[in-house]
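In: Quick one: sequence plus predicted model below, questions after.
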Amino acid sequence: MIQLTIITPDQKVFEGEVEEATFPGANGSFQVLKNHAALVSALAKGTVSYTTKEGKKAHVIDGGVVEVNDNNVVLLAEKVIG
Amino acid sequence: MPNLKEVKQRITSVTSTQQITKAMKMVAAAKLRKAQDKILKMRPYSQKLTAILDDVVASMGGELDIVYGEQRPVQNVLVVAMTSDKGLCGAFNANVIKASNYLLENKYKDVNITVLPLGKKALDNFRKRNFKLIPEFSEIFMDVNYDSVRVISEYVMDAFVAKKFDKVVLVYNHFKNVATQEVVAEQFLPMGGDVVANSKVEEKAESDYILEPSKEYVIEELVPKALKTQFYKAVLESNASEHGARMTSMDKATENANDLLKELKLQYNRTRQAAITNEILEIVAGANALEGT
């Protein structure tokens, strides 16, 4: 399991354990699974999706940055739509 | 001696004023809580952003070469003055305007100045005088959120990159605590060292992040975000300070009304007493006169 946190300047959108998460990277989308190497990536406009125990969820973000470190994933987005 | 009716009228009017100031204080307190809440909500974002930026800058050896940090000879200055839309908040607005005036008349008196007022009070004040104005954004405090503030900071940053301004200064009330605000003039652009604050190179040398798509790209994405966050923080602080200032000044007004009421009540009772004494005197005098016959 990985710990995913999605934050914007206005609110915390999501915090919890997920099995996987897919991000719209600046050079194409990529998936993060357990024990991913430490990574900082710029994101483009697109859909972030992740799988929790309850099922799959998705948000559309307006660009952002994601940091992966030791099964902690933090997504900083300026704006989350839906 | 004022007559009874007059004093009574004044008491009623002061009482109703007091009710208004009391209500305004309560409203300000509620709004202050909301404004503080916004600052708290923004904190994790800005902290994480600074942390990532520090890591990335450290991994580059601390060297940062970016358009937003470009130092140019200062010819055009933009002053962003943040006030409120409404008055009745003590010296809150006056302080910002005083501080901006000081900048305009002393520090930058030989260069071209443009003022970007945020909040109606600043707009009204600077419109009366002959400064170049950017009035489009003055209504930001109607509804403070990141999205609307981002539009302004992006505008300012683009103008800086386009060399329309060589320096951008923010003048706003720093939120120290509920009762104290402190006017600060903070350099926004060119970016100083404080956005990428304490990136101690040797300490964080072990950060072995993979940077996607490239270091330069990530930096170019992160730095504007950090700047926008800094701008947003200033707006939020100003907003919280406004409500704090209004709360304290309304509290003082309520207290003053109380003092005034005390005095008026004393006067009222004195007048009443005098009237009664007078009446008794008249009755006694009347009775004496009757007895005499």
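Out: Received the coordinates, thanks.

In: Spell out the residue ranges of the helices in chain B.
Out: B:4-59, B:92-102, B:120-127, B:146-161, B:215-292 (DSSP state H).

In: which helices and strands does the fourth one pack with?
Out: If you count contacts as 3 or more CB pairs under 8 Å, 6 or more residues apart in numbering or on different chains; DSSP states H and E, helix B:146-161 packs onto strand B:76-82, strand B:112-118, strand B:181-189, helix B:215-292. Yep, even glycine has a C-beta here, placed from its N, CA and C like the rest.

In: of all these, which lies closest to chain A?
Out: Of all the helices and strands packed on helix B:146-161, helix B:215-292 sits nearest to chain A, with 4.1 Å by CB to the nearest CB.

In: and that closest one, average pLDDT?
Out: Averaged over helix B:215-292, pLDDT sits at 92.

In: contacting residues around the closest residue to B:Phe231 other than its chain neighbours?
Out: Nearest residue to B:Phe231 in three dimensions, chain neighbours excluded: B:Ser153, at 3.9 Å (CB to CB, 6 or more residues apart in numbering or on different chains). Contacts for B:Ser153 (CB atoms under 8 Å, 6 or more residues apart in numbering or on different chains) come out as B:227-228, B:231-232.

In: Quick check: B:Ser84 vs B:Thr12, distance?
Out: 31 Å (CB to CB, to the nearest Å).

In: Compare these two (neighbour count), which wins?
Out: B:Ser84 (24 against 11; other CB atoms under 10 Å in any protein chain shown).

In: And that one, its phi and psi?
Out: Dihedral pair for B:Ser84: phi -110, psi 180, per degrees, to the nearest 10.

In: In contact with the nearest residue to it once chain neighbours are set aside, which residues?
Out: Distance criterion CB to CB, 6+ apart; nearest residue to B:Ser84, sequence neighbours excluded, is B:Glu242 at 4.3 Å. Contacts for B:Glu242 (CB under 8 Å, 6+ apart) come out as B:35, B:84, B:89, B:92, B:141, B:173.

In: Please identify which of those is nearest to chain A.
Out: Here the nearest of the contacts of B:Glu242 to chain A, counting by CB to the nearest CB, is B:Ala35; it sits at 12.9 Å.

In: What is the neighbour count of the residue in the stretch 1-150 of chain B that chain A sits nearest to?
Out: At 4.1 Å from chain A, B:Tyr146 is the closest residue in the stretch 1-150 of chain B, using CB to the nearest CB. Counted with other CB under 10 Å, the neighbours of B:Tyr146 add up to 22.

In: Enumerate every residue touching it.
Out: If you count contacts by CB under 8 Å, 6+ apart, then B:Tyr146 has A:8-10, A:78-79, B:42, B:232 around it.

In: Identify the residue spatially nearest to it, adjacent ones excluded.
Out: Per CB to CB, 6+ apart, closest to B:Tyr146 is A:Pro9, 4.1 Å.

In: Noted, bye for now.
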